[in-house]
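> here is a sequence together with a model predicted from it:
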Amino acid sequence: MKNVAVILAAGSGSRTGLSTPKQFLPLGGKTVLEHSVQTFHDHKGIDEVVIVTSPEFMDKVKEMARRNGWTKLRAVLAGGKERYDSSLSAVRYYSEAPDTVMLFHDAARPLVSDRIITDTLKAMESYNAVDVAIPAVDTIVKCDDQGREMDSIQDRSLLWRMQTPQGFRQKTIEQAYRIALKDPQFKATDDCGTVLRYLPDEKVGIVRGSERNIKLTYADDLSLLEFLLSVPER
């Protein structure tokens, strides 16, 4: 059985408002993608790394791998139009190894820690699907479909904010997508949501994440990431 890190780096990053996809933006002397990959690559519990990126950037990523000496890199795969297409690219790559533990991580979360990876791998000993998340600290309001009127206030004590990595046995996430792709109403923004909906009997464990494990979404997030990178995690 292998533990594989799947780094999802095929997004366009349009919300940053920048011409360069966010995973290739500079951060602390490296790119955002390099920070994300390096943490998984150096973790003793990770056996292989797979990077999924847009077809036009595959050569760029391969050159990055050579430059950094990523000996655990197994493959650079082409992503698709939707986020789940990228996940599926990796799932299908390991189709003949159903017991493989796969940790799917957004390349745009460059400050993922060794502790989070370790805890996720540990949780995978008890679950076939695991999500990293942190408790919501703000009051969460459910509004109407126009976003104009308040419908209800949710119980904050039961709400957590999802992060990555998300861990799965290969056979579990493959089965969830096999069912999902037959559903004409299927829409997915993350892999755990697919398991929750299409494998309702499969319990999804939660691993506590970190406020540092933020996702680069807007251009201003780069300044915060630069600051956090300069401050050791407690």
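Structure received.
> can you list the buried residues in the host helix or strand of Val76?
Assigned by DSSP states H and E, Val76 belongs to strand 73-78. For strand 73-78, the neighbour count (16 or more other C-beta atoms under 10 Å) marks Leu73, Arg74, Val76, Leu77 as buried. For every residue, glycine as well, the C-beta is placed using N, CA and C.
> which among those residues gets closest to Gln175?
Leu77 (20.3 Å; C-beta to C-beta).
> returning to that earlier point: neighbouring strands of the strand holding Val76 in the sheet, and parallel or not?
strand 48-53 (parallel) (DSSP bridges).
> which parts of this structure are helices?
Along the chain, the segments classed as helices by DSSP state H run 32-42, 58-68, 83-93, 114-123, 170-180, 191-198, 221-230.
> closest one to Val141 among those helices?
Going by C-beta to C-beta, the one of the helices of the chain nearest Val141 is helix 191-198, 20.7 Å.
> so what's the residue of the chain positioned farthest from its centre up against?
In the chain, counting by C-alpha atoms, centre = their mean, Glu149 sits farthest out from the average C-alpha position, at 32.0 Å. Taking C-beta atoms under 8 Å, 6 or more residues apart in numbering as the criterion, Glu149 is in contact with Cys143.
> show me the shaky parts of this protein.
Low-confidence segments of the chain (pLDDT under 70): 12-17.
> can you tell me the closest non-neighbouring residue to the most centrally placed residue in it?
Nearest to the mean C-alpha position of the chain, by C-alpha atoms, centre = their mean, lies His105 at 2.6 Å. Closest residue to His105 apart from its sequence neighbours, by C-beta to C-beta, 6 or more residues apart in numbering: Pro165 at 4.2 Å.
> quick one: contacts of stretch 170-190?
82-84, 87-88, 91-92, 94-95, 97-102, 128-129, 162, 166, 191, 194-195, 197-199, 202.
> list buried residues within these.
So, of the contacts of stretch 170-190, 83-84, 87-88, 91, 94, 100-102, 128-129, 166, 191, 194-195, 198-199, 202 end up buried under the neighbour-count rule (16+ other C-beta under 10 Å).
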